[in-house]
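> give me coordinates for this.
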Amino acid sequence: MIGTDLTRIHGFGPYLALKMVSECGTDLSRWPTAQHFASWLCLAPGNKVSGGKLLSAHTRRSKNRASALLRLAAVNVGKTQTALGAFYRRLAARIGKAKAVTATARKLAVLFYNALRHGMDYQDPGADHYEERYRERVLKSLTRRAKELGYHLEPGAAPEPAAGVS
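Numbers count the residues shown, from 1 in each chain. Down below sits the predicted model:
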């Protein structure tokens, strides 16, 4: 009916898709970009700057039902073996569950916006693909930092798993 299948996005079931369309509408042209849409949902940081110094970067409080639905979907998608689930778990371990929920909800909002506004067809690459890309990014940054300090990294043999007690 709206031209795209929102249930292909992990965390979006028929009920959530219907509620999101009822809250936001089918014409998302009032928001020029996905970032504007995320800001309207209060899922983007509100940077308070004074004199060039960042004072606060908290997200604003909101009574927006769409953002509450996206936060609920973010918690549920964190339990799945998908790329979004791996993203949630990595952030939850590093910065805490509350901030991970907000970040994942923002990611879901951007996917919703792109699917409805531009007709994007979402394909989940999977948790393994996400973890491999994350590992590559970490390795690339470590190599770059070692080179800046005058060191050279060489790949070593993979560590052997610990032997079990018999």
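
> alpha carbons only for contacts and neighbour counts from here, please
OK.

> how about residues contacting stretch 4-12?
The contact list for stretch 4-12 (CA atoms under 8 Å, 6 or more residues apart in numbering) reads 13-14, 17, 73-74, 76-77, 82, 84, 108, 111-112, 115-116, 119-124.

> try 7 Å
Residues outside stretch 4-12 that contact it (CA atoms under 7 Å, 6 or more residues apart in numbering): 13-14, 17, 73-74, 76-77, 115-116, 119, 122.

> cool, stretch 70-77 as well?
Applying CA under 7 Å, 6+ apart, the external contacts of stretch 70-77 come out as 10-12, 84-85, 101-102, 104-105, 108.

> and the gap between residue 99 and residue 110?
17 Å (CA to CA, to the nearest Å).

> doesn't residue 126 make contact with residue 86?
No: using CA atoms under 7 Å, residue 86 makes no contact with residue 126, being 8.5 Å away.

> higher neighbour count, those two?
residue 86 (21 against 15; other CA atoms under 10 Å).

> buried residues of stretch 8-22, list them for me.
Judged by neighbour count using 16 or more other CA atoms under 10 Å, the buried positions of stretch 8-22 are 9-12, 16-17, 20-21.

> residue 64: which of those is nearest?
Nearest to residue 64 among those is residue 20, at 10.9 Å by CA to CA.

> ok, then the element right after the helix or strand containing the closest one?
Residue 20 is located in helix 14-24, with elements delineated by DSSP states H and E. For helix 14-24, the following helix or strand on the C-terminal side (DSSP H and E) is helix 34-40.

> which among the contacts of stretch 4-12 count as buried?
Among the contacts of stretch 4-12, the ones that count as buried by 16+ other CA under 10 Å are 17, 73-74, 76-77, 115-116, 122.
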